[in-house]
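> generate coordinates for the sequence data below:
(chains A and B)
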Amino acid sequence: MSPTPRLTPAARAIVGGDRRALARAITSVEDGDRSVEPVLRALYRRTGRVPVVGLAGPLGVGKSSLVNALVGLLRARGRSVGIVAVDPSSPFSGGSVLGDRIRLERRADDTGVFFRSMASRGAAGGLATATREVARLLDAAGFDIVLVETVGSGQVDVAVRDVATTGVVILVPHLGDEVQTLKAGLFEIADVFCLNKSDLPGSQVAERDLSELASLGPAREGWRPPVVPTSTVTPSGIAELWSAIEAHERFLDDSGRREAGERRRLSQEIVDRAKDRFTVDLTRRLENDPRLRRLLDEAAARRLDPRTAAERLLATRRRR
Amino acid sequence: MVAKRKSAPIRVLIAKPGLDGHDRGAKVVARALRDAGMEVIYAGLRQTPEEIVRGALEEDVDLIGLSILSGAHMALFPRVLRLLKKEHASRLPVFAGGIIPDEDARRLRRMGIRAIFGPGTSLDEIVRTAQKLARPSA
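Numbers count the residues shown, from 1 in each chain, chains lettered A, B, ... in the order given. Predicted coordinates:
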């Protein structure tokens, strides 16, 4: 048992509502700066008490506008909201344009909202791990609800499941083939389906199709994801969307699934962290340890195949 | 303040204060900075100085870039600088671009705007200056 960690000054500042301290800690998590570790360690025990709602969907379905609408609703109800919006980094330059703030409307002096953009980069321990740590910092800073907005394609889809207590998948009418390709993974991450831009023609057909899709599959652990039509133009359905999210959060508590979900996410996070440290460690040793270096030389000279080299590498580690 | 790792990407907030509705210039600059490997938080049109400063602090950027075409720069830029000072963030460099007469540019530089780019400035120059402002020691 480790003793209860005392709060470091930075951790105390974050808990006390210092937004600059919060912003800097988030930067350190993003940068893989290990000086933030004592802060994360000290704050961990205070976290895990708020809903983390993930919103994922293809480009252009209106994620940022929906986040803005939800923030408006929650602020009107007196709840504070921390938001982290993830956008892809360019695989070429490593740079990115993070544009999710554009949709955010709030009073400039409203301290009940904190919005942070995050580039997917090649975050240490994986994007999900970094996002979870950022979400936890927002939790520790005292926000009632944490929203995580991500581009829902490929691996990022899965990240929502690794981050959120409730996952919302956002789709729009006429997505056609997009829905087809998403189908396979949809049920693993959707606790709630949101059919946005429902003011557009064709939305009723899309809603029916999606509802059929949702009712076809087996109910996952006793929960069937509802389909909520929304529009941020009219606007409509925002309160219903939040009710559906709240209903899922209640289900997690009533069914006892909350703890199981958190255990699954933590297990993933611990493995990811360990894997990352192991990889960095191994890469460095490959470069510096003469015996490991020899394996690399052998493989480069085509005398030893990579699989055998890897096996000898592990054997070397075990002998130590 | 915790020193950032040198290898971490530069984070920059690009915003348009005031009421003019053209953000093509700001978008072109945002893209050039992205292609230079920076993380550009694009805050968009019609931002108040208060929103800009708050955004910059939440996003913990290394640099703020302001674009303006309306002629209100002498009212809005000093306000951004004042708000930064109030937040004890005067060290956060601010650069600007747009239609800014030379005399105004001189005065703004004296007030603390670190660089001002007029029409026709090459993107290369903007990128280089931004890099130098964000990481003076690099």
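> does A:F115 touch B:R54 like I think?
No. Counting by Cβ atoms under 8 Å, A:F115 stays clear of B:R54, with 9.3 Å between them. From N, CA and C alone the C-beta is placed, and that goes for glycine too.
> longest helix of chain B?
Longest helix in chain B, counting residues (DSSP state H): helix B:73-86.
> show me what that one is packed up against.
Packing partners of helix B:73-86 (3 or more Cβ pairs under 8 Å, 6 or more residues apart in numbering or on different chains; DSSP states H and E): strand B:11-17, helix B:49-58, strand B:63-68, strand B:94-98, helix B:102-111.
> starting at the chain centroid, how far to the last one?
From the chain centre to the centre of helix B:102-111 is a distance of 15 Å (Cα atoms, centre = their mean, to the nearest Å).
> against which helices or strands is the helix or strand that it is followed by packed?
Downstream of helix B:102-111, the next assigned helix or strand under DSSP states H and E is strand B:115-117. Strand B:115-117 sits against strand B:94-98, helix B:102-111, helix B:123-134, with contacts defined as 3+ Cβ pairs under 8 Å, 6+ apart.
> residues touching strand B:115-117, excluding its own?
B:F95, B:A96, B:G97, B:I100, B:A105, B:L108, B:R109, B:E125, B:I126, B:T129, B:L133 (Cβ atoms under 8 Å, 6 or more residues apart in numbering or on different chains).
> go on, stretch A:239-257?
With Cβ under 8 Å, 6+ apart, stretch A:239-257 has contacts from A:51, A:53, A:66, A:70, A:73-74, A:165-166, A:168, A:191-192, A:194, A:221-223, A:226, A:228, A:230, A:258, A:261.
> buried ones in that stretch?
A:A239, A:L241, A:W242, A:A244, A:I245, A:H248, A:E249, A:F251, A:L252, A:R257 (16 or more other Cβ atoms under 10 Å in any protein chain shown).
> show me the shaky parts of chain B.
Residue ranges of chain B with pLDDT under 70: B:1-6, B:138.
> now for B:A26, how many residues are close by?
24 (other Cβ atoms under 10 Å in any protein chain shown).
> ok, and the closest non-adjacent residue to it?
B:S67 (3.9 Å; Cβ to Cβ, 6 or more residues apart in numbering or on different chains).
> which members of the buried residues of stretch A:239-257 occur in strands, if any?
Residues of the buried residues of stretch A:239-257 located in strands (DSSP state E): none.
> could I get the full set of helices for the stretch 151-300 of chain A?
A:155-163, A:177-189, A:203-216, A:238-255, A:257-288, A:290-300 (DSSP state H, counting those that start in this stretch).
> any idea which of these is most buried?
helix A:155-163 (a mean of 21; mean count of other Cβ atoms under 10 Å in any protein chain shown).
> whether the lengthiest strand in chain B contacts chain A - can you check?
Secondary structure of chain B read by DSSP E shows that its longest strand is strand B:39-47. Yes. For strand B:39-47, a contact with chain A is found by Cβ under 8 Å from any Cβ of the partner chain, at B:E39, B:V40, B:I41, B:Y42, B:A43, B:G44.
> of all the residues in chain B, which ones are close to chain A?
Residues of chain B lying near chain A (Cβ under 8 Å from any Cβ): B:1-2, B:4-5, B:8-9, B:11, B:30-31, B:33-44, B:48, B:50-51, B:54-55, B:57-60, B:87.
> just the buried ones from these?
B:4, B:8-9, B:11, B:30, B:33-44, B:48, B:51, B:54-55, B:57-60.
> returning to that earlier point: which positions within the longest helix of chain B qualify as buried?
B:H73, B:L76, B:F77, B:P78, B:R79, B:V80, B:L81, B:L83, B:L84.
> tell me the contacts of the residue nearest to the spatial centre of chain B?
In chain B, the residue lying closest to the centroid (Cα atoms, centre = their mean) is B:G65, at 1.4 Å. Taking Cβ under 8 Å, 6+ apart as the contact definition, B:G65 lies against B:V12, B:L13, B:I14, B:A15, B:A26, B:V29, B:L33, B:V94, B:F95, B:A96, B:G97, B:A130.
> what pLDDT does A:G176 get?
Note on A:G176: pLDDT of 67.
> kindly report the same for A:G122.
pLDDT, A:G122: 61.
> residue 47: neighbour count?
Using chain A here. 19.
> ah, I was thinking of chain B
23.
> so it makes contact with B:A15?
Yes. The criterion here is Cβ under 8 Å, and B:Q47 meets it with B:A15 at 4.5 Å.
> quick check: neighbours shared by these two?
In contact with both B:Q47 and B:A15: B:G55, using Cβ under 8 Å, 6+ apart.
> just the terminal-to-terminal distance for stretch A:215-235.
One end of stretch A:215-235 to the other measures 27 Å (Cα to Cα, to the nearest Å).
> tell me which residues in it are buried?
For stretch A:215-235, by 16+ other Cβ under 10 Å, it's A:P225, A:P226, A:V227, A:V228, A:P229, A:T230, A:S231, A:T232.
> I'd like the average pLDDT over it.
Mean predicted confidence for stretch A:215-235 is 84.
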